[in-house]
Every structure is written in structure tokens, then in C-alpha cells.
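>>> Need a 3D model of the following:
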Amino acid sequence: MKYYLSSYQIGNFPEKLVELSGGGIIGCITNALDFIPKNELLDTPQLRGDDLKSIGISTEVLDLRDFFSNSSTLSHELERFSGVWVIGGNVFVLRQAMKLSGFDKAIEKLRLTDFLYSGFSAGICVLAPNLEAYKIVDSPDQFPYPEQRETIWEGLGIMNQAILPHYQSDHPESAAIDREVEYCKINKIPFKTLTDGEVLYGDNIDRLSNEIRVSP
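This is a model prediction of the structure:
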């Protein structure tokens, strides 16, 4: 599997994202924002994939809620896409949607293919082995789906450490990220920080896990 893991939005390497997308359609997963009422999200460009379209990537919204009642169909749906773009929001809400839709199992099967997993903020945080550190920034008690009423602490486990985006950045969450760093140190949770603009990309997840930073 290929990866493009950005701290915030597309980051400083749009040409690399275009290259990794392979010219196919990218499914835009926006479920990390499902805790926000729909009327408050009207005209949000990220929900339409406008940022990817602006650099020439074809996108379609891939709403994981459409697969809650029949998760077995998601694997077939993913075959239409060359990858996914998973946007930020609440990482715990995103993890719930990934479980209820079967995305967590489907993406595991795609790890030996050239499928692209890309995204930013919560979309990359969910790759961690465990989501405990993220409770500093995101509420683990958001339950927008009737089917899920318990916090899921296990991440997808694709990365071997927690990624902490927005570190020392001009972002509203940056001060809280400093507290996440301290929490990880105290609790001996392996972590990696990314400053907005920075991106981890490539097709070797072990290398990305051990990469300190990829800077512009």
C-alpha cells in the first residue's frame, strides 16, 4: 500500500500526492466530522474533495455510513478507487465509522496492493496502534451513531506509533499537541510529531514509521 500522511490538508508535496494517486479516482472519507450537525457543515469545501480537485485529482465522496448495515459490500466498493483521502475531525468518531462499515478489515486486505491511503489530522492519527493519547485533543465520548456507544481505543495499527499532527504550528490545536507529547512521554507511548506542511509519504510503512520527519 502507498501512503501520503499529511499533518494538515494537502501539505507541501501536492505533486507527490498526484503521483501516488495514479490517475484514478480517490474516495474522500469525511466521517471524522459526523459529530457535527449537517447544517453546520454546509458549503465546507473539504467535504466535496475540492482540495484534491484543485490539484487535478478526481474524487468521489465515500461515506462509510452507507455500509453500516452491510459491511461486506465496502470491499467491492473500494475496488472502484485507486485510494482514499481521509480528512480530519474527531479520530474516535472516525474509528467508530471504520469499524461499523468494515473499513478496518477492508484496508488490512489492501496492504499488499498499490492502493493509496492518504489524509490528514485525524485521518492519519487513526493509523496508530492505540488512540489513548488523542483524548487530550479529541473527545472520546462522541457517539454520533446509534450502533456504537462505547469508545474504541484500538487504532488500525498500521503505524507502530502515534502520529501527532499540528505540532508547533499555527493551528488552534497546537497547544494541546504539546500536552499530547508530554502524555506520550510520561506513559511511554511511541510517537512522532508532524508540523503543518510536513508529510510522510511512500510505499514502505516500516520506513515511514521510523522516519522522523519529511520536511520541505
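>>> And the helices in the protein?
Secondary structure of the chain by DSSP state H: the helices cover 14-21, 50-53, 74-78, 91-101, 103-109, 122-125, 174-186, 205-210.
>>> between the ones you listed, which one is nearest to P146?
Ranking the helices of the chain by proximity to P146 (C-beta to C-beta) places helix 91-101 first, at 10.1 Å. Where you see a C-beta, it was placed from the backbone N, CA and C, and this is true even at glycine.
>>> and among the helices of the chain, the most buried is which?
Using mean count of other C-beta atoms under 10 Å, the stretch among the helices of the chain with the largest mean neighbour count is helix 122-125, at a mean of 27.
>>> residues of stretch 55-74 that come out buried?
For stretch 55-74, the buried set under the neighbour-count rule, 16 or more other C-beta atoms under 10 Å, comprises 57, 59, 62-64, 67-68, 71, 74.
>>> which residue sits closest to the most centrally placed residue in the chain, ignoring its sequence neighbours?
For the chain, the residue lying nearest the average C-alpha position, counting by C-alpha atoms, centre = their mean, turns out to be G123 (1.2 Å). The shortest distance from G123 to any residue other than its chain neighbours is 3.2 Å, reached at V86 (C-beta to C-beta, 6 or more residues apart in numbering).
>>> Please list all residues in contact with that neighbour.
Neighbour list for V86: 29, 32, 94, 117-120, 122-124, 126 [criterion: C-beta atoms under 8 Å, 6 or more residues apart in numbering].
>>> Also N31?
63-65, 89, 93-94, 97-98.
>>> quick one: the closest residue to it other than its chain neighbours from P14, how far?
The shortest distance from N31 to any residue that is not its chain neighbour, by C-beta to C-beta, 6+ apart, is 3.8 Å, and that residue is A97. As defined by C-beta to C-beta, to the nearest Å, A97 lies at a distance of 26 Å from P14.
>>> Helix or strand with the lowest mean pLDDT in this structure?
In the chain, the helix or strand scored least confidently by mean pLDDT, DSSP states H and E is helix 205-210, which has a mean of 79.
>>> and that one, what does it pack onto?
For helix 205-210, the elements it packs on are strand 2-6, strand 199-202, judged by 3 or more C-beta pairs under 8 Å, 6 or more residues apart in numbering; DSSP states H and E.
>>> I'd like to know which of those strands lies nearest to G22.
Among those, the nearest to G22 by C-beta to C-beta is strand 2-6 (8.3 Å).
>>> Show me how far the closest one is from its chain's centre.
Between the centre of strand 2-6 and the centre of its chain there are 9 Å (C-alpha atoms, centre = their mean, to the nearest Å).
>>> Direction included, what does that strand pair up with?
Partners of strand 2-6 in the sheet, by DSSP bridges, are strand 116-120 (parallel), strand 199-202 (antiparallel).
>>> right, so of those strands, which gets closest to I36?
For these, proximity to I36 was assessed by C-beta to C-beta; strand 116-120 is nearest, at 17.0 Å.
>>> got the angle between the closest one and helix 14-21?
Using axes from the mean of the first three to the mean of the last three C-alpha atoms, to 10 degrees, the interaxial angle of strand 116-120 with respect to helix 14-21 works out to 150 degrees.
>>> Going by neighbour count, which residues of strand 116-120 are buried?
By 16+ other C-beta under 10 Å, the buried positions in strand 116-120 come out as 116-120.
>>> That'll do, ta.
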